[in-house]
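Engineer: Predicted structure and sequence below. I'll ask about it afterward.
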Amino acid sequence: MSNAPVYGVGAEFKCAADLYHAAEKIRDKGFKWWDTYSPYPIHGMENAMGTGKSWVSGFVLLGGMTGFTVGISLESLTSIPRPEFLKDIQSGWLMDLFYPLIVHGKPYWSLPSFFPVMFELTILLSAFGAIIGMLVTNLLPRLNHPVFNWELFCQRASDDSFFLIIEAADPLYSEEETKKLLEELGGTQITVISK
Amino acid sequence: MAHGTTTVNANSPDFVAAAKQVERPPLVGGGRGFHWITEKICSIIEEETPTWWWIAFFVTGAITLLVPWSLVYLVSTGIGTWGLNHPVGWAWDITNFVFWIGIGHAGTLISAILFLTRQKWRTSINRASEAMTLFAVMCAGIFPAFHVGRIWYAWFLAPVPQANAIWPNFRSPLLWDVFAVSTYFTVSVLFWYTGLIPDFATMRDREPKPWKKKLYHVLSFGWRSSNRQWKHYEMAYLCLAGLSTPLVLSVHSIVSFDFATSIVPGWHTTIFPPYFVAGAIFGGFAMVLTVMLPFRKIYGLEDLITEKHIDNMCKIILLTGSIVGYAYLMELFIAWYSGNPYEKYAFWNRALGPYWWSYWAMMTCNVIIPQLFWVEKFRKNVVAVWIIVWGPNIGMWYERFVIIVTSIHRDFLPSSWGMFKPALNDITLFIGTCGFFTWLFLVFIRFLPVIAIAEVKGVVPEADPHHHDKDHKGGHHV
């Protein structure tokens, strides 16, 4: 155990406020590879940690635009007459498109009636965008991670305790100094976590 | 918020008394701490299976068997085993479909709309109501799927070029329904599962059995409770809430289009979408209380689902019930004011025709009974609440029955008039879905955390990182 490569140093904090203030200090010191852990999302923690805004919303926008495009293309291309420049292509998958029928006495391209399907597909793919975005940005699923080597962390991080872990990969990391720093910030149970 | 920041002497007895009056009751009662919340909710799953659960499981399981029985009979014999015929071609099946879909809507309202409007009290009830949404939509889907008659052709509804190369009719409300309901179900599952991810991690960390621990670990995607993860998680959750809000409003609007876009008197009205959505939320909240109050009692969750929660839900029922009542009256007014004799007749026939009893059952259950919630005493009495919410539960089923059956049983020509009587298969299938719904809910409370653990932890006072800064009370660990 003692010779195993080190992942980082962790400390336990007794409450959300302590963790929040410790995070502010670590941020100001210029650490890069570190993280805080709490059983629920702490309000304002992204500011205390200086991690900035989440861009999962970008995935949602992308998903939504895809859904909208799929919806409007699906409905339009199957409902309108074959355009002039495609007249010559009479085989392959294009055969399945362009099947104009007059239904309900509405025009071939009846945008108001097309709205619900377009809308639902936009929502559907946006929702998938949110989930995929969350998993991609969090690099999940990931079942094996060094933080799970810390027994105390495994017992309490998702229950009632608060942790701060600084990784050995951080340029400012030095085992002795970092331990001392965490202690000064009010951390207890300071532990070196193996990889 | 006014702790010592104003110029008024915050310690004067007058000020303290006045502040007490407007102070909101805590969302988690008894000053409970994080560990208590974890213990309380996880112990429901971890304790030995109680006897009552097994009894309820087998009873509702037996009732659920009516679903496959009815469906096998229906498919093997024909759609005529339902009481449908001309002129009433839609009856109990579509009534039940709209009834179950509507029930689902409260779950999404709680999880999405109350999230966007920052109603923190939602955290204690959103998990169970979202589960209810999924189960209700599962029950709902059975009816239109089998109403197509030849179920093996149900794939014609999917947007794929079929054998004869004709695409489904994208201008048809019935196809919109397919898209709306399937999107609704999928997004509800995603939303629900996202909420479960951190709770699976909590269950993993408590689980002594290695195989179960591994299972929860996989289900939680290896969640680490890290705030870098929470940041993205919260954004995804916010976006899902923002997407589910217009979605839930669209689903019941589209369901109402099934009726409103037709020219049948009694269906062809522009008031339908908002009226259906309000009705769905109304009936859904009633069902939330119906299923939640018993398990709150059984598992002693009074500190998590407090009087305040019940009170809020009763007020929403009162509000949406009144909107529904307004819609009923407005329909009557427009029937008279429009001067359209067919419209006028449809409503006269509803209230005084051969189905008068269903109309007045609807009026009593949906409009009159919920008005009892104006009285605080009723809202504070759990037993009274549980009895009163059966009004909307029953009334909302009657509403759909009234709208569907009374509108089409009198066609334009008196020679095409008829009456609808449910066949045995109508009744068994509906009772079967009620059993199925309850059975699924029982399985849910036994295997998954019924209350969103991580979210409830976020609303206790000590969860606020500035809690100790302004008001140093120390921890509430119990």
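Structural biologist: Now that the structure is in, tell me what you want to look at. Only a predicted model underlies this, so the values are computations on that prediction, with no experimental measurement involved.

Engineer: how about low-confidence regions in the stretch 101-250 of chain B?
Structural biologist: Across the stretch 101-250 of chain B, the ranges flagged by pLDDT under 70 are B:162-165.

Engineer: What is the three-state secondary structure of A:Asp39?
Structural biologist: Residue A:39: Pro, not Asp. A:Pro39 falls in the coil class when you classify it by DSSP: H, G, I helix; E, B strand; the rest coil.

Engineer: quick one: contacts for it?
Structural biologist: A:157-161, B:34, B:38, B:198, B:202, B:225, B:453-454, B:457 (C-beta atoms under 8 Å, 6 or more residues apart in numbering or on different chains). Every residue, glycine included, has its C-beta placed from N, CA and C.

Engineer: before we move on, what SS does the residue nearest in space to the middle of chain A have?
Structural biologist: For chain A, the residue nearest the mean C-alpha position is A:Met134 (2.3 Å; C-alpha atoms, centre = their mean). Three-state call for A:Met134 (three-state DSSP): helix.

Engineer: Next up, the contacts around it.
Structural biologist: A:56, A:140, B:194, B:232-233, B:235-236 are the contacts of A:Met134 under C-beta under 8 Å, 6+ apart.

Engineer: What is the most widely separated pair among those?
Structural biologist: Spatial extent of the contacts of A:Met134 (C-beta to C-beta) is set by the pair A:Leu140 and B:Met235 at 14.2 Å.

Engineer: more neighbours, these two?
Structural biologist: Each of A:Leu140 and B:Met235 has its neighbours counted (other C-beta atoms under 10 Å in any protein chain shown); B:Met235 has more, 23 against 18.

Engineer: right, and that one touches A:Gly52 too?
Structural biologist: No. Contact criterion C-beta atoms under 8 Å: B:Met235 and A:Gly52 do not qualify, at 11.4 Å.

Engineer: shared neighbours, those two?
Structural biologist: Here B:Met235 and A:Gly52 have no joint contacts, going by C-beta under 8 Å, 6+ apart.

Engineer: Pass me the low-pLDDT residue ranges in the stretch 351-478 of chain B, would you?
Structural biologist: The model of the stretch 351-478 of chain B has pLDDT under 70 over residues B:468-478.

Engineer: In it, which residue sits nearest chain A?
Structural biologist: B:Pro465 (3.6 Å; C-beta to the nearest C-beta).

Engineer: A helix includes that residue, no?
Structural biologist: No. Checked against three-state DSSP, B:Pro465 lies outside a helix; its state is coil.

Engineer: what's the distance between it and B:Leu116?
Structural biologist: Per C-beta to C-beta, to the nearest Å, B:Pro465 is found 23 Å from B:Leu116.

Engineer: Show me which of the two is the more surrounded one.
Structural biologist: Shown here are B:Pro465 and B:Leu116; by other C-beta under 10 Å, B:Pro465 has more neighbours (23 against 12).

Engineer: which residues touch the more buried one?
Structural biologist: A:16-17, A:19-20, A:42-45, A:48.

Engineer: Not counting its neighbours along the chain, what's nearest it?
Structural biologist: Nearest non-adjacent residue to B:Pro465, counting by C-beta to C-beta, 6 or more residues apart in numbering or on different chains: A:Tyr20, 3.6 Å away.

Engineer: Can you point out the helix or strand that includes A:Ala23?
Structural biologist: Per DSSP states H and E: A:Ala23 is located in helix A:16-29.

Engineer: Show the pLDDT at B:His309.
Structural biologist: On the pLDDT scale, B:His309 is placed at 91.

Engineer: And for B:Thr6?
Structural biologist: The model reports B:Thr6 with a pLDDT of 51.

Engineer: Distance of A:Pro146 relative to A:Ile26?
Structural biologist: 19 Å.

Engineer: swap in A:Phe13?
Structural biologist: According to C-beta to C-beta, A:Phe13 and A:Ile26 sit 12 Å apart.

Engineer: Also A:Ser110?
Structural biologist: According to C-beta to C-beta, A:Ser110 stands 59 Å off from A:Ile26.

Engineer: So the two - more neighbours on which side?
Structural biologist: A:Ile26 (24 against 17).

Engineer: is it true that the more buried one touches A:Ile166?
Structural biologist: Yes. Counting by C-beta under 8 Å, A:Ile26 touches A:Ile166, with 7.1 Å between them.

Engineer: rewinding a little: can you tell me which of the contacts of A:Pro39 lies nearest to B:Pro25?
Structural biologist: B:Lys457 (18.2 Å).

Engineer: Let's have the contacts of A:Met134 in a markdown table, adding distance to B:Ile427 and secondary structure.
Structural biologist: Output for these, formatted as a markdown table (distance: C-beta to C-beta, whole Å; DSSP: H, G, I helix; E, B strand; the rest coil):
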| residue | distance to B:Ile427 | secondary structure |
| --- | --- | --- |
| A:Val56 | 48 | helix |
| A:Leu140 | 47 | coil |
| B:Thr194 | 38 | helix |
| B:His232 | 49 | helix |
| B:Tyr233 | 45 | helix |
| B:Met235 | 48 | helix |
| B:Ala236 | 43 | helix |
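
Engineer: which one of the residues you listed has the most neighbours?
Structural biologist: The most crowded member of the contacts of A:Met134, judged by other C-beta under 10 Å, is B:Ala236 (29 neighbours).

Engineer: Next one, pLDDT for the nearest residue to that residue once chain neighbours are set aside please.
Structural biologist: Among residues not flanking B:Ala236 along the chain, A:Met134 sits closest, at 3.6 Å (C-beta to C-beta, 6+ apart). At A:Met134, the model reports a pLDDT of 95.

Engineer: shaky segments in chain A?
Structural biologist: Along chain A, segments meeting pLDDT under 70 span A:1-3, A:91-93.

Engineer: how about the helices of it, start to end?
Structural biologist: A:16-29, A:45-49, A:56-79, A:111-137, A:151-156, A:175-184 (DSSP state H).

Engineer: Which stretch among these approaches B:Ser12 most closely?
Structural biologist: Proximity to B:Ser12 (C-beta to C-beta) singles out helix A:16-29 among the helices of chain A, at 28.3 Å.

Engineer: Whichever residue of the stretch 251-400 of chain B sits closest to chain A sits in which helix or strand?
Structural biologist: Residue nearest to chain A within the stretch 251-400 of chain B: B:Ile254 (5.5 Å; C-beta to the nearest C-beta). Assigning secondary structure by DSSP H and E places B:Ile254 in helix B:227-260.

Engineer: Packing partners of that helix?
Structural biologist: Other helices and strands packing on helix B:227-260, by 3 or more C-beta pairs under 8 Å, 6 or more residues apart in numbering or on different chains; DSSP states H and E, are strand A:34-37, helix A:45-49, helix A:56-79, helix A:111-137, helix B:92-108, helix B:114-116, helix B:173-206, helix B:272-298.

Engineer: Run the chain-centre distance for stretch A:153-165.
Structural biologist: Relative to the chain's own centre, stretch A:153-165 is displaced by 21 Å; criterion: C-alpha atoms, centre = their mean, to the nearest Å.

Engineer: That one: which residues count as buried?
Structural biologist: Residues A:153, A:156-165 are the ones in stretch A:153-165 that count as buried (16 or more other C-beta atoms under 10 Å in any protein chain shown).
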